[in-house]
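Participant: Based on what follows, work out the 3D shape:
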Amino acid sequence: MSILKIVIDPGTSATKVTYRLGSGSCHFFAMSPHCAPVPPDYPQSASWGIGSTHLESSWVSLPDACFLIGAIAKKFQGSELRNHELKCDKALYKILGILAHLQLQMTQVVPIDLGILLPFDEYLTKDLLERRLLAAQDSIQFCGQALSLHFNEIRIFPEGAGLLLCGLPKTLSKKCSRISALIIGHRNVSWLATHNGSPLPEASTTNNLGFRWLVQEVSKLAGHTDELSLAELLFHGTQLRPDLQQAIHQCLPLYWQQIHSFLIEQQPTDFVVCGGGAAMLLEPQLIQHFSRNIGWGNHLLRPLLKSTFLNPVLARRLLDSYGLLQHL
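Facilitator: Sure thing, here's the model as predicted:
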């Protein structure tokens, strides 16, 4: 029987997914990060119709809770992005929804090897998340359809693990080096340190200096209220309004100053592998700071860029999960 190997990164700006069924080809997608609790009978009473399984307008029910997931959840209380909120609080429902959606596309229940990426400071929640996933596998309703999941294995890693495991240059000796991963995500910056191939938890850390810091500073100056749409504009906008251009020009050096102050506090390292979309904006500064002892997992990037569904920024943001998929 084929095994579904899947890695889910429940990020603040997008939930990123890479998976492969058996020996088939890899698939990638990202969905809205929003997730909001609603009364158990709300989806049916809202006349959305049982049987709709589009991930961006779906819901997951357990015996004690019901959560909307995807873009449909954005307008509901509790879906807001909060720096203090643990990802694992809503990751359970996002993960179950994605797995249920994929399971419904198959003719039979398939065993699942599941990998999950969490910020380093939330890594201690991994046992709780695993227990909740195992407890829920036989009692899920997805868009009104009851189903079961079969977990063959659940492995939870800190952000950056996929790049450290499979994103380093082949010429670099892991067993004789101090190597770190730097992930600049939407909410967090994570620094994951290793020495001679072994994790260094005492030298690893996470903070709240993700791309959101820059987005919020630009928003204060330009008056743009939708955080995620502004983030997309900063990455992809080719003809930005003059006020946005001025705000970015003013705020980007301040953002780098925050990142730079964080980096000089970390212990010296022989090599750094970088991930996260925001790292692309700071690439020249990062190369200079690390004296070119830096990599981007570009050998992992090539297969993702071949996908017609991925732009270069999203492909870069998927590298950590894709690297972990190769490891599972």
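Participant: what about the strands in the stretch 101-250 of the chain?
Facilitator: 111-118, 140-142, 145-147, 150-158, 178-184, 189-195, 198-199, 205-207 (DSSP state E, counting those that start in this stretch).
Participant: export those to JSON lines and tack on mean pLDDT?
Facilitator: As requested, those are exported to JSON lines (pLDDT from 0 to 100):
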{"stretch": "strand 111-118", "mean pLDDT": "96"}
{"stretch": "strand 140-142", "mean pLDDT": "93"}
{"stretch": "strand 145-147", "mean pLDDT": "91"}
{"stretch": "strand 150-158", "mean pLDDT": "96"}
{"stretch": "strand 178-184", "mean pLDDT": "96"}
{"stretch": "strand 189-195", "mean pLDDT": "95"}
{"stretch": "strand 198-199", "mean pLDDT": "93"}
{"stretch": "strand 205-207", "mean pLDDT": "94"}
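Participant: Those strands: which one's closest to residue 42?
Facilitator: With CB to CB as the measure, strand 140-142 is the member of the strands of the stretch 101-250 of the chain nearest residue 42 (13.0 Å). For the C-beta atoms, the positions are set from N, CA and C on the backbone; glycine is no exception.
Participant: Just give the strands next to that closest one in its sheet, each with its orientation.
Facilitator: When pairs are called by DSSP bridges, strand 140-142 turns out to pair with strand 58-62 (antiparallel), strand 145-147 (antiparallel).
Participant: With respect to burial, which of those scores highest?
Facilitator: strand 58-62 (a mean of 23; mean count of other CB atoms under 10 Å).
Participant: Over it, what's the mean pLDDT, rounded is fine.
Facilitator: Averaged over strand 58-62, pLDDT sits at 92.
Participant: ok, back up a step: tabulate the strands of the stretch 101-250 of the chain in JSON lines, adding columns for distance to residue 12.
Facilitator: Output for the strands of the stretch 101-250 of the chain, formatted as JSON lines (distance: least, CB to CB, whole Å):
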{"stretch": "strand 111-118", "distance to residue 12": "12"}
{"stretch": "strand 140-142", "distance to residue 12": "23"}
{"stretch": "strand 145-147", "distance to residue 12": "28"}
{"stretch": "strand 150-158", "distance to residue 12": "16"}
{"stretch": "strand 178-184", "distance to residue 12": "12"}
{"stretch": "strand 189-195", "distance to residue 12": "12"}
{"stretch": "strand 198-199", "distance to residue 12": "24"}
{"stretch": "strand 205-207", "distance to residue 12": "12"}
